[in-house]
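> how would this look folded up:
(one chain, ligands or ions: 2)
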Amino acid sequence: MGRNTFKGGIHPYDGKDLSKDKPIESFKPGKLLYYPLSQHIGAPAKAIVNKDDRVLRGQMIAEAGGFVSAPIYASVSGVIKGIEKHRVVSGDMVDCIVLENDEKYEEAEPINTAKLEDMSRDDIIGVVGKAGIIGMGGAGFPTHVKLSPKDSDAIEYVIVNCAECEPYLTSDYRKMLEEPDKLIKGLSIEVSLFKNAKGILAVEDNKMDCVELITEKAKEYSNIEVLPLKTKYPQGSERQLIYACTKRKINSKMLPADAGCVVNNVDTVISIYKAVVEGKPLMDRIVTVTGDAINNPKNFEVPVGTIYSELLEAAGGFKTEPKKVISGGPMMGMALFTLDVPVTKASSALLCMTKDDVSEFKQTQCINCGRCAQVCPSRLLPGFVADYADAYDEEMFLKYGGLECVECGSCSYVCPARKHLAQSIKSMRKIQLAKKKK
Ligand code: SF4
Ligand code: SF4
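Ligands and ions are numbered 1, 2, ... in the order given. The predicted structure is shown next:
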């Protein structure tokens, strides 16, 4: 095994050809935008606007609800209609600020006007927090918290997750091609916060055009390296990425900082640049609208709060009635039963497929083939762990390392018995993690 990969993993059909050559288009949303107060891990944001208030694009409409939280900004100018329950990607009805778009796109004052060279470490982290930046690879952890580990001198690697290993997603790929300077400058700002750190841009080797481009752009930075990784799912999973880049292992009891690492996604790093250098808070998100059921797959820059159904329309609607619609990628995304849900800071894709492998095939008996164990990147025995989860045997689930699952879905993907292994393990993990929190 080489330096730049991990044990296990799978090679699913990647479907990226559908949208990888489509440049990012700026999307103009419709009349109403919905901003869930909780778009991140941690305390929900607190609304600071009232019904009938006029707000500008880039104006804060909800403040952070604590240190582990993130403020929310209006992504269009318009009038606040109130706070209402609205459905979100998870299927839950949650409190959302509703904003009526006046289609003038008038902008608020920048959130930072200080020059980078005059800013201290605390100033930079303060601006990142104020900008409402969170992990945009899916987890949604507030970035200013990641940038404030207990011992900043112990951080040796600032890794940018440029793997984009989930099939069909091309938003990070387009960002790397279209905004490489902002990506590298954003990383250099992050690296400057840790005196013993170097930066790594970790890119799967199915994106060699990106590797070449950012290697050229990064030449002037002696403390930034571009590292091609073997193309394999789930290469972008945080633990697998850290291992591939540094050979350091972390488990469910550790944070990346415990292994001397900070990991951020491409869009998060570009958002750091935009906040610190351009004074722009996080208001937009790149969303790939794709899948074999879509007429014209595209990559859009979408104001947060936009309703998914508008994106579908802008991509030409359905070519064929889809069997499955997913927010995110096919391996780790969430199945949607309605498109009347808003894009959040953590959204990455709207995937519409003409086949649904999960409901098309029935589960049968395990044939003890061992394939699930061979591909599990956490080196678990997923067949056993899932059985313990289904039997609600907490002791054995924990003993067999259920908490170490990274919920990548590789085991379910290869299982010839079509057992819903990852689904069972994920449900039990959720219960066990909630118990631990209490
Ligand atoms: S057990 Fe978890 S980590 Fe292992 S393959 Fe299945 S989903 Fe992935
Ligand atoms: S892959 Fe499926 S059939 Fe094979 S051992 Fe695992 S659970 Fe059993």
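
> Report the contact partners of the closest residue to ligand 1 within the stretch 51-200 of the chain.
In the stretch 51-200 of the chain, the residue that lies nearest ligand 1 is Cys165 (12.6 Å; CB to the nearest ligand atom). Every C-beta, even on glycine, is put in place using the N, C-alpha and C of the backbone. By CB atoms under 8 Å, 6 or more residues apart in numbering, the contact set of Cys165 is 204, 231-237.

> mind checking pLDDT for it?
In this model, Cys165 is scored at 92, pLDDT.

> Helix, strand or coil: sort out it for me.
Of the three states, Cys165 takes coil according to DSSP: H, G, I helix; E, B strand; the rest coil.

> can you list the residues of this structure near ligand 1?
Contacts of the chain with ligand 1, taken as CB under 6 Å from any ligand atom, map to 375-378, 380, 382, 405-411, 421-422, 425.

> same thing but at 5 Å, please
376, 378, 380, 382, 405-406, 408, 410-411, 422 (CB under 5 Å from any ligand atom).

> most neighbours, which of those residues?
Cys411 (30 neighbours; other CB atoms under 10 Å).

> can you tell me which residues contact that one?
Counted by CB under 8 Å, 6+ apart, Cys411 has contacts 372, 375-376, 382-383, 386, 421-422.

> which residues does the residue nearest to Asp205 when sequence neighbours are not counted bridge with?
Nearest in space to Asp205, with sequence neighbours left out and distances taken as CB to CB, 6 or more residues apart in numbering, is Pro228 at 4.5 Å. Here Pro228 sits in beta bridges with Val203, going by DSSP bridges.

> Pro228 contacts Asp209, correct?
No. Counting by CB atoms under 8 Å, Pro228 stays clear of Asp209, with 11.7 Å between them.

> Comparing these two, which shows the higher neighbour count?
Pro228 (18 against 13).

> Can you check the pLDDT for the residue lying closest to Phe361 once chain neighbours are set aside?
Leaving aside its sequence neighbours, Phe361 sits nearest to Arg418 (CB to CB, 6+ apart; 4.4 Å). Here, the pLDDT recorded for Arg418 equals 93.

> Arg418 contacts Gln363, doesn't it?
Yes. With contact defined as CB under 8 Å, Arg418 counts as touching Gln363 (5.2 Å).

> Residues of the stretch 301-438 of the chain that sit close to ligand 2?
By CB under 5 Å from any ligand atom, the residues of the stretch 301-438 of the chain that approach ligand 2 are 366-367, 369, 371-372, 383, 415, 417, 419.

> of the residues you listed, closest to Ile111?
Nearest to Ile111 among these: Cys372, at 47.3 Å, using CB to CB.

> ok, back up a step: contacting residues for the residue nearest to Asp205?
Here Pro228 is in contact with 4, 203-205, 208, 211 (CB under 8 Å, 6+ apart).

> and it, how far is that from Ile270?
According to CB to CB, to the nearest Å, Pro228 and Ile270 sit 20 Å apart.

> cool, Thr170 as well?
Distance from Thr170 to Ile270, by CB to CB: 15 Å.

> ok, now Leu169?
Counting by CB to CB, the gap from Leu169 to Ile270 is 16 Å.

> Where does Met332 sit: helix, strand or coil?
Per three-state DSSP, Met332 ends up coil.

> now Val160
Classification of Val160 using three-state DSSP returns strand.

> Could I get the contacting residues of it?
Contacts of Val160 by CB under 8 Å, 6+ apart are 183, 187, 199-202, 263-266, 269.

> With pLDDT added, can I get those in a markdown table?
Below are those laid out as a markdown table (pLDDT from 0 to 100):
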| residue | pLDDT |
| --- | --- |
| Leu183 | 98 |
| Leu187 | 98 |
| Gly199 | 97 |
| Ile200 | 97 |
| Leu201 | 97 |
| Ala202 | 96 |
| Val263 | 96 |
| Asn264 | 95 |
| Asn265 | 94 |
| Val266 | 96 |
| Val269 | 97 |
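
> From these, which land in strands?
With strands defined by DSSP state E, the entries of the contacts of Val160 inside them are 199-202, 263-265.

> which one of those residues is nearest ligand 1?
Val263 (17.4 Å).

> what about that closest one, neighbour count?
Neighbours of Val263 (other CB under 10 Å): 25.

> isn't Pro297 right up against Val287?
No. Using CB under 8 Å, Pro297 makes no contact with Val287, being 11.4 Å away.

> Student question: in the chain, what's the helix or strand with minimum average pLDDT?
Lowest by mean pLDDT, DSSP states H and E among the helices and strands of the chain is helix 357-360, with a mean of 66.

> closest point of the stretch 1-150 of the chain to ligand 2, which residue?
Closest point on the stretch 1-150 of the chain to ligand 2, by CB to the nearest ligand atom, is Ile10, at 11.7 Å.

> per-residue pLDDT, that residue?
Ile10 carries a pLDDT value of 94.

> Can you tell me the closest non-neighbouring residue to it?
Nearest one to Ile10, counting by CB to CB, 6+ apart, is Ser410 at 4.8 Å.

> The one you found: what's it in contact with?
8-10, 233-234, 331, 372, 375-377, 422.

> Tell me who's in contact with whichever residue of the stretch 101-250 of the chain sits closest to ligand 1.
Residue nearest to ligand 1 within the stretch 101-250 of the chain: Pro234 (7.2 Å; CB to the nearest ligand atom). When contacts are counted by CB under 8 Å, 6+ apart, Pro234 is found next to 9, 165-166, 240, 331-332, 377, 406, 408, 410.

> name the helices or strands packed onto the strand or helix carrying Ile61?
Using DSSP states H and E, Ile61 falls within strand 60-63. Packing partners of strand 60-63 (3 or more CB pairs under 8 Å, 6 or more residues apart in numbering; DSSP states H and E): strand 46-47, strand 72-73, strand 93-101.

> Quick check on the residue nearest to Ala154 when sequence neighbours are not counted: phi, psi?
With sequence-adjacent residues excluded and distances taken as CB to CB, 6+ apart, Ala154 is closest to Gly260, at 5.6 Å. Note on Gly260: its backbone torsions stand at phi 70, psi 20 [degrees, to the nearest 10].

> Distance-wise, check Gly260 relative to Leu193.
14 Å.

> quick one on the thing from earlier: confidence score at the residue nearest to Ile10?
Value for Ser410, per-residue pLDDT: 96.

> now do Met136
In this prediction Met136 is given a pLDDT of 82.

> residue ranges for the helices of the stretch 201-350 of the chain, please.
208-217, 238-246, 266-278, 308-314 (DSSP state H, counting those that start in this stretch).

> Much appreciated, bye for now.
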